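A.B. asks: predicted model and sequence below, questions to follow.
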Amino acid sequence: LQLVESGGGLVQPGGSLRLSCAAAGFNLDYYAIGWFRQAPGKEREGVSCLSGSDGSTYYADSVKGRFTISRDNAKNAVHLQMNSLKPEDTAVYYCAAESWETSRAMCARYEYEYGGQGTQVTVSS
């Protein structure tokens, strides 16, 4: 039972990336999914989260209007579309899952039922 992230890489400022968080061994239905990021020397940040109950979403102010989180039931995955990327978005991004949690509470969590290993996103010219 695990979460696996993919889609990270190197992109120029203003570019886009789509991260995916796929579940192996369990169904993501009714799980809240959160995308978090950790940059060297910075606090961990809950970037965007999706509720496990009502489909509501939460975005950190730093990414609002640029990032979009969505659930892909056919692939048992959650995606994070990142547009208009900035150098300050550079970080390791990882996803986590917690059953039945709300979106805002999920982004404030430090412990989860499932967590991935992370994928590096580097925004640089």
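C.D. replies: Great, that's in hand.

A.B. asks: so what's residue 46 closest to, chain neighbours aside?
C.D. replies: Nearest residue to residue 46, sequence neighbours excluded (C-beta to C-beta, 6 or more residues apart in numbering): residue 107, at 3.0 Å. In short, each C-beta sits where N, CA and C put it, glycine included.

A.B. asks: please enumerate the strands of this protein.
C.D. replies: For the chain, the strands defined by DSSP state E occupy 2-6, 9-11, 17-24, 31-38, 45-50, 57-59, 67-72, 77-82, 91-99, 114-115, 119-123.

A.B. asks: and the third one, which residues are buried?
C.D. replies: Okay, so that is strand 17-24. For strand 17-24, burial by neighbour count (16 or more other C-beta atoms under 10 Å) applies to 17, 19-23.

A.B. asks: identify the residues contacting the residue positioned nearest the centre of the chain.
C.D. replies: The chain has residue 35 as the residue nearest its centroid, 2.2 Å off, counting by C-alpha atoms, centre = their mean. Residue 35 is in contact with 19, 21, 46-49, 69, 78, 80, 93-95, counting by C-beta atoms under 8 Å, 6 or more residues apart in numbering.
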